[in-house]
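A.B. asks: got a sequence here, can you model it:
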Amino acid sequence: MAQCQPLITRLIASSVTAAAQAGKIIRDVMNKGELNIVEKGKNDLQTEADRSAQNCIIESLSRQFPGVTIIGEEGSSRCEVPPHWIVTDMDQEVLNVKLPEHLENVAPKDVCVWVDPLDGTSEFTQGLLDHVTVLVGVAVGKKAVGGVIHQPYSKNPQTSSMGRTLWGIDGVGVGGFKPVPPPQGRRIITTTRSHSNKTVQEALDAMSPDEILRVGGAGHKVLLLLEGKAHAYVFASPGCKKWDTCAPEAILRAAGGTLTDLNGDLYPYDPKAPHPNAKGVLATAPGENHAFYLSKIPDSVKQEL
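C.D. replies: Numbers count the residues shown, from 1 in each chain. You can find the predicted model right below:
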């Protein structure tokens, strides 16, 4: 039955189950207490959980979708992984959706998947586990069209089980959660917790915020927009990458929000796109006026980028 579904449907449905399995692997690594941290660069860490979660996702998806390009934060090398890490089942809720016509007959060669196996690594190593997300974004051509965000440490109050998975497809909507509008009468901005500088602060000051939420992970910041806890995500720095924003952008757009660079342009997500988001990130919650926030970005900040 699943094989009759369009490629994009099957890819998102498989990404939901793979991201959840990656979340379990992340929890297992943390529970063992052997993070095996590697410093990739300044303020850029990698742990055993990053590496293992990526191997799980890329092997699970590559075996099912061999013609699709998959780009992971932790490099492209594939290696032997334990058989129980590989998942090939698909999420039934996603399989039941009806795609918009332009996504129904997409060829594998036109698809690029961007994987951040553990967004918020620095916070993970510090025990700030609610900042951690697993991100799988799906692009067709240059455009982010679908995404999965998994929160390994979100606890279900009814069942006490760990892990929550959200997904979105452009033109379809979102699943796994219900977006909440942010409060009126205040302006709450979310931004980086650990990568701030003078330019980042200048952009924040220009927004005249009532409150600033400094948190880790692009996935976590966009979740704050979707959960009604912030109105905009402002990051005036080139520190973000395509695997950080592809899934969040797709889900945010599916919910009615927007994510662009600080000039208001969309980032490309094709396989040849440069990995850094060199012109910063501006994302706004569903119902917010994106153009208003763009107009507040000082020219000096844009020139700096």
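A.B. asks: neighbours of residue 15, how many?
C.D. replies: Here the number of neighbours of residue 15 (other Cβ atoms under 10 Å) works out to 32. Quick note: C-beta positions are derived from backbone N, CA and C, even for glycine.
A.B. asks: same for the host helix or strand of it, what does it pack against?
C.D. replies: Counting by DSSP states H and E, the element that carries residue 15 is helix 7-32. If you count contacts as 3 or more Cβ pairs under 8 Å, 6 or more residues apart in numbering; DSSP states H and E, helix 7-32 packs onto helix 48-64, helix 92-95, strand 111-119, strand 133-140, strand 143-155, strand 162-169.
A.B. asks: what are the buried residues along it?
C.D. replies: 7-27, 29-30 (16 or more other Cβ atoms under 10 Å).
A.B. asks: ditto for stretch 192-199
C.D. replies: Across stretch 192-199, burial judged by 16+ other Cβ under 10 Å covers 192-193, 195-196, 199.
A.B. asks: can I get that stretch in PDB, CA atoms only?
C.D. replies: This file holds the C-alpha atoms of stretch 192-199, laid out as PDB (Å, rounded to 0.1, in the frame of the first residue of the first chain):
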ATOM      1  CA  THR A 192      20.800  32.400  20.000                       C
ATOM      2  CA  ARG A 193      21.900  31.400  23.400                       C
ATOM      3  CA  SER A 194      25.600  30.800  22.700                       C
ATOM      4  CA  HIS A 195      26.500  32.600  19.400                       C
ATOM      5  CA  SER A 196      25.700  36.200  20.200                       C
ATOM      6  CA  ASN A 197      27.800  39.200  19.100                       C
ATOM      7  CA  LYS A 198      27.500  42.900  18.500                       C
ATOM      8  CA  THR A 199      25.600  42.500  15.200                       C
END
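A.B. asks: distance of the residue nearest to residue 27 when sequence neighbours are not counted from residue 81?
C.D. replies: Using Cβ to Cβ, 6 or more residues apart in numbering and skipping residues adjacent in sequence, the residue nearest residue 27 is residue 152, 5.5 Å away. Using Cβ to Cβ, to the nearest Å, we find residue 152 at a distance of 18 Å from residue 81.
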